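In: below is the sequence, then the predicted model.
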Amino acid sequence: MISGTLDGNLRHALYVLGENPVTAAAFALFLLFALLATFGPALVPYDPLASNTAQALNAPSISHWFGTDQLGRDIFSRVVVATRLDLGIAIAAVALAFSVGTLLGLIGGYWGGWADRIIGRIVDTIMAFPLFVLAMGIVAGLGNSVANIIYATAIINLPIYARLSRAEANIRCNAGFIEAARLCGNGEVRIALGQLFPNILPLMAVQVSLTLGYAILNAAGLSFIGLGVRPPTAEWGIMVAEGASNIVSGEWWVALFPGLVLMTAVFCFNLIGDGLRDIVDPVRRT
Amino acid sequence: MTSSAGTPRALLSVNGLRKLYPVGRKLLGRFGRTQPAMLHAVDGVSFAIERGETIGLVGESGCGKSTLARLIARLIDPTAGMIWFDGADISTMPARKFARSEWRADIQMVFQEATDSINPRFTAARAIADPLIRLRDLRAAALRVRVEEVARLTGLPAELLVRFPHQLSGGQKARVGIARAIAVEPRLLILDEPTSALDVSVQTVILKLLHELKQRLALSYLFVSHDLNVVRLLCDRVLVMYLGRIIESGPAVQLFAAPAHPYTQALLSALPNPGARRTRIALAGEPRSPIDPDPHICRLYGRCPRATDLCRKVAPLLQQIAAGRLVACHHPVDEMAAAGP
């Protein structure tokens, strides 16, 4: 009774999905990606790393749905197996950017003063760089590793969260319900995290979904220019990069299929953004 | 200033309370030096609230009523002055620390905007439970029982407790706000225009509820309002505020029967009063600016029909004109004399 029932939330989520077929499709697609990321390596017909030069650059066929690359590896298997790595990098980076950025924004927006100014200047400094170049610089400086790609992607996404949560916290820091919370004996930290934060969460959730797509592109982009994951690891960015040289000679499938999956993933996260807002925003509930 | 500080055993006594807000800067002299311009929201207010008393605080919009209410509720810090609650000075503790202090449960407040004062992501039950969890340390079954008890007391049907604020009507939200404030059994309840956002039929119900609660729970009220009829019905004593200062105070019956300050007189004459001989007094002009007001000029000067040269040389202080009646005016209205032969 006090916290609202889980059952009611679930029913509301199902209702929203029923009303918006596009959102429902996006969620279904997301579910598919999640399944591929979880069980992909167990499902694929071929070893994604095993080369077979006899089968190099075969066009899509019944045995190789997406064809094979220049080393004769099955592109379908590689695309499926790469899902875990690409989604993992994006989710880890966004989780990091979300938690650190939102917290910084909350501190700046709610308490104001010097904390706000210092955090604001740090965020401005990050924003002053062309973000992809900054990510390149970070990975180039720290070294090519999955952890560093995650840090770089998190850092360039940080300002979005910090600014959004600062603005939303700031317009609410003297709202009636915050004053009421003080009257109710809540300490400042408890008010910021327990009463203010849940109110800005819906907007942040939309942002999470949008930046997830962006983070996938960023990770793939870094790999594409050779600053990300190293071959022969299966990763969408590398696969597109490797396939790019084959397009001119007519083997379009090597680059097309990983690119198509990459695009679908980004598209899917952008669509989820809208649907997510409808689900988590209680004001829309009737 | 000490004349109105109340008896030593008063529940709350306020002495020389001031709250100034910086609003930009003003030029000093010719050399471009500036100093912050200050808006005097509350400017040297002293009064007391006795146990079980209902005090009405009236005045026009922007006169500092809400600021005074927030100062006493210790939601904001005073610039100067003292607030004594039950013999303890509570004005020195920063407002942000006051939330965790032993007096927090004793002073509660009902806000003007019920909608805005309830967290949009809390159900009614969660909102009412909030002070009980933090200030009374109630959990689980005991919490549930108390929430339902207070809801019943404020006439809030139990089935509405699972709803979010946007699913409740204005009157229901007002009840949630009142239920939350009385849940911890405060000794002083500050009501900041609790009915101003409600329509008349709901107003009556809420006011009746407040009246019943006061008798049942032995509360003291500070009732902030610009609705004079409500104040007359509900309050024992009335404070009239104008531009950050209390300009008149006294028992409600006497003050309404014979206002002494020209401003109070004008305020009361604006009440619809069928069959009364009193004619309407319209104050000319606009209120003086509350930004850095001249301390030597009466705040009402320029609007006051009784003003003389003295009023722009010496600002009047609150002075006793009869038992329990204070007025800040050089030329108070003497209605009893005026009504004589």
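Out: Structure received.
In: any idea which helix or strand in chain B has the lowest mean pLDDT?
Out: helix B:335-338 (a mean of 53; mean pLDDT, DSSP states H and E).
In: which residue, other than its chain neighbours, is closest to the closest residue to chain A within the stretch 201-341 of chain B?
Out: At 14.0 Å from chain A, residue B:222 is the closest residue in the stretch 201-341 of chain B, using C-beta to the nearest C-beta. All C-beta spots, glycine's among them, are computed from the backbone N, C-alpha and C. Nearest non-adjacent residue to residue B:222, counting by C-beta to C-beta, 6 or more residues apart in numbering or on different chains: residue B:190, 4.7 Å away.
In: helix, strand, or coil at the one you found?
Out: strand (DSSP: H, G, I helix; E, B strand; the rest coil).
In: from residue B:58, how far out is it?
Out: 14 Å (C-beta to C-beta, to the nearest Å).
In: do residue A:250 as well
Out: From residue A:250 to residue B:58 the distance is 87 Å (C-beta to C-beta).
In: one more: residue B:169?
Out: In terms of C-beta to C-beta, residue B:169 sits 27 Å off from residue B:58.
In: write out the residues of the stretch 101-250 of chain A neighbouring chain B.
Out: For the stretch 101-250 of chain A, the residues in contact with chain B (C-beta under 8 Å from any C-beta of the partner chain) are A:175-177, A:179-188, A:195, A:198-199.
In: my guess is residue A:156 meets residue A:137, correct?
Out: No. Residue A:156 is beyond contact range of residue A:137, at 10.4 Å (criterion: C-beta atoms under 8 Å).
In: these two - which one has more neighbours?
Out: residue A:156 (25 against 14; other C-beta atoms under 10 Å in any protein chain shown).
In: now do the helix or strand where that one lies: which elements does it pack against?
Out: Under the criterion of DSSP states H and E, residue A:156 resides in helix A:146-172. Packing partners of helix A:146-172 (3 or more C-beta pairs under 8 Å, 6 or more residues apart in numbering or on different chains; DSSP states H and E): helix A:75-111, helix A:113-128, helix A:131-142, helix A:197-224.
In: among the ones you listed, which is nearest residue B:287?
Out: Closest approach to residue B:287 among the helices and strands packed on helix A:146-172 (C-beta to C-beta): helix A:113-128, 33.0 Å.
In: between that closest one and helix A:131-142, how many degrees?
Out: 90 degrees (axes from the mean of the first three to the mean of the last three C-alpha atoms, to 10 degrees).
In: for residue 187, give me the pLDDT.
Out: Answering for chain A, as no chain was given. For residue A:187, the model assigns a pLDDT of 88.
In: looking at chain B here, not the other one
Out: So residue B:187 comes in at 91 (pLDDT).
In: tally of neighbours for the residue nearest to it when sequence neighbours are not counted?
Out: Take residue B:187 and drop its neighbours on the chain: the residue closest to it by C-beta to C-beta, 6+ apart is residue B:106, 4.7 Å away. By the criterion of other C-beta under 10 Å, residue B:106 has 19 neighbours.
In: can I get the helices and strands packed on helix A:146-172 in a markdown table with distance to residue B:313 and mean pLDDT?
Out: Output for the helices and strands packed on helix A:146-172, formatted as a markdown table (distance: least, C-beta to C-beta, whole Å; pLDDT from 0 to 100):
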| stretch | distance to residue B:313 | mean pLDDT |
| --- | --- | --- |
| helix A:75-111 | 46 | 91 |
| helix A:113-128 | 43 | 92 |
| helix A:131-142 | 66 | 90 |
| helix A:197-224 | 53 | 87 |
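In: I'd like to know which of these is closest to residue A:68.
Out: Taking the helices and strands packed on helix A:146-172 one by one with C-beta to C-beta, helix A:75-111 is closest: 6.3 Å.
In: isn't residue A:173 up against residue A:196?
Out: Yes. Counting by C-beta under 8 Å, residue A:173 does reach residue A:196; the two are 7.3 Å apart.
In: of those two, who's got more company?
Out: Comparing residue A:173 with residue A:196 by neighbour count (other C-beta under 10 Å), the higher total belongs to residue A:196, at 24 against 16.
In: per-residue pLDDT, the more buried one?
Out: Residue A:196 is given a pLDDT of 92.
In: who are the neighbours in contact with it?
Out: Residue A:196 sits next to A:106, A:110, A:169, A:172-173, A:178 when contact means C-beta atoms under 8 Å, 6 or more residues apart in numbering or on different chains.
In: residues in contact with the helix or strand hosting residue A:189?
Out: For residue A:189, the host element (DSSP H and E) is helix A:188-190. Residues outside helix A:188-190 that contact it (C-beta under 8 Å, 6+ apart) are A:110-111, B:96, B:99.
In: out of those, grab the one that's most surrounded.
Out: residue A:110 (24 neighbours).
In: in contact with that residue: list those residues for me.
Out: A:169-170, A:173, A:188, A:191-192, A:196.
In: got the residues of the stretch 101-250 of chain B near chain A?
Out: B:104-105, B:108-109, B:111, B:113, B:115-123, B:125-127, B:129-131, B:134-135, B:143-144, B:147, B:161-162, B:164, B:166-167, B:177, B:180-181.
In: since that was my last question, I'll sign off now.
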